[in-house]
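J.: the following comprises the amino acid sequence and a computationally predicted model.
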Amino acid sequence: MEQTNKDNEMTKPLAGGLWRDNPETPEGKYLIKRRDGSIPQWPYFVLGADDPCAPSALAAYASRARAIGLDPAYCAAVDKLSDEWHERQSVHGASGDPDRGRHRVDDPEIVAEMRKGKSV
């Protein structure tokens, strides 16, 4: 099923799950690189401030981090980020659409790099 915009025009199709589960995009949606240029070999999941679920996800992460005894300053920083994202969404809206599929043309060089990692 495709999403419609305010003018009832068809836009982005549903992703039907995580991008990595789609045979056309097994590399996932995002390329993550460390500061040294390396790509993590473990699975990762990207959140963005416009994703309507992200601020709550960060708050839950901070809660779990606190429960397992991670650095209190780190936990507080994640909570602060969650608050900042809630505030951003209250001003700008939560326009992200994490459940939607492809709507940009892939860059083959980036996709080749993505195959080195474990994006979702």
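T.: Happy to help now that I have it.

J.: from here on, contacts and neighbour counts on C-alpha atoms
T.: Fine.

J.: domains in the chain, by residue range?
T.: Split into domains by automatic domain parsing, the chain comes to 21-47+108-120, 49-95.

J.: buried ones in the shortest one?
T.: Buried residues in domain 21-47+108-120, defined by neighbour count with 16 or more other CA atoms under 10 Å: 25-32, 39, 111, 114-115, 117-120.

J.: re earlier: using a markdown table, lay out the domains of the chain together with distance to Thr11.
T.: As requested, the domains of the chain are exported to a markdown table (distance: least, CA to CA, whole Å):
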| stretch | distance to Thr11 |
| --- | --- |
| domain 21-47+108-120 | 18 |
| domain 49-95 | 14 |
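
J.: need those in TSV (columns: mean pLDDT).
T.: Output for the domains of the chain, formatted as TSV (pLDDT from 0 to 100):
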stretch	mean pLDDT
domain 21-47+108-120	89
domain 49-95	97
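
J.: could you say which one of those domains comes nearest to Lys12?
T.: domain 49-95 (13.0 Å; CA to CA).

J.: coming back round to it: of all the domains of the chain, which lies closest to Leu14?
T.: domain 21-47+108-120 (11.4 Å).

J.: how long is that closest one from one end to the other?
T.: 8 Å (CA to CA, to the nearest Å).

J.: stretch 33-40 now?
T.: 7 Å.

J.: what of stretch 63-74?
T.: Using CA to CA, first and last residues of stretch 63-74 are 11 Å apart.

J.: ok, now stretch 90-98?
T.: Note: stretch 90-98 ends 18 Å apart using CA to CA.

J.: list the buried ones in that stretch?
T.: Those would be Ala94, Pro98, for stretch 90-98 by 16+ other CA under 10 Å.
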